[in-house]
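Novice: Quick one: sequence and predicted model below, then my questions.
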Amino acid sequence: MTDSQGSKDRPTPILRWFDYGHLPDEHTLVSEKFWQLAHWVERNLPAGAERSTALRKLLEAKDAAVRAAIEGRDAG
């Protein structure tokens, strides 16, 4: 198994981008849901190109959702 795919002892490096502790409280709930799903994907799907793609696209979706929450805050 390669470093980009992670292992049982070492998670996939992309998972670090799902951390949400640094976010303001109003964005934590949004980001936390994506963190949970990303870790579910890591634990339950076989390592490989498709899992990597799923995590990459999930990260893109998380980033967009947090931006939407920021826009909603700024508009209100």
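Specialist: Thanks, I have it. Numbers count the residues shown, from 1 in each chain.
Novice: Can you check which helix is longest in this protein?
Specialist: For the chain, the helix with the greatest residue count under DSSP state H is helix 49-75.
Novice: Mind listing what's buried along that helix?
Specialist: If you call a residue buried by 16 or more other CB atoms under 10 Å, then helix 49-75 has these buried ones: 51, 52, 55, 58, 59, 62, 66, 69. Glycine gets a C-beta too; all of them are placed from N, C-alpha and C.
Novice: Check whether the third one really touches residue 42, as I assumed.
Specialist: Right, residue 55. Yes - contact between residue 55 and residue 42 holds when scored by CB atoms under 8 Å: they sit 7.4 Å apart.
Novice: what residue ranges in the protein score low on pLDDT?
Specialist: Low-confidence segments of the chain (pLDDT under 70): 1-10, 76.
Novice: please redo it, this time with the cut-off set to 90
Specialist: 1-12, 22-27, 72-76 (pLDDT under 90).
Novice: and the residue most central in space within the chain, how far is that from residue 38?
Specialist: Nearest to the geometric centre of the chain sits residue 18, at 3.5 Å (CA atoms, centre = their mean). Distance of residue 18 to residue 38, computed by CB to CB, to the nearest Å: 5 Å.
Novice: Overlap of the contact sets of those two?
Specialist: Residues touching both residue 18 and residue 38 comprise 58, 59, 62, with contact defined as CB atoms under 8 Å, 6 or more residues apart in numbering.
Novice: could you dump these to JSON lines with distance to residue 30?
Specialist: Converted to JSON lines, the shared contacts of residue 18 and residue 38 look like this (distance: CB to CB, whole Å):
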{"residue": "58", "distance to residue 30": "13"}
{"residue": "59", "distance to residue 30": "13"}
{"residue": "62", "distance to residue 30": "8"}
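Novice: what's near enough to touch residue 38?
Specialist: Residue 38 touches 14, 15, 18, 55, 58, 59, 62, counting by CB under 8 Å, 6+ apart.
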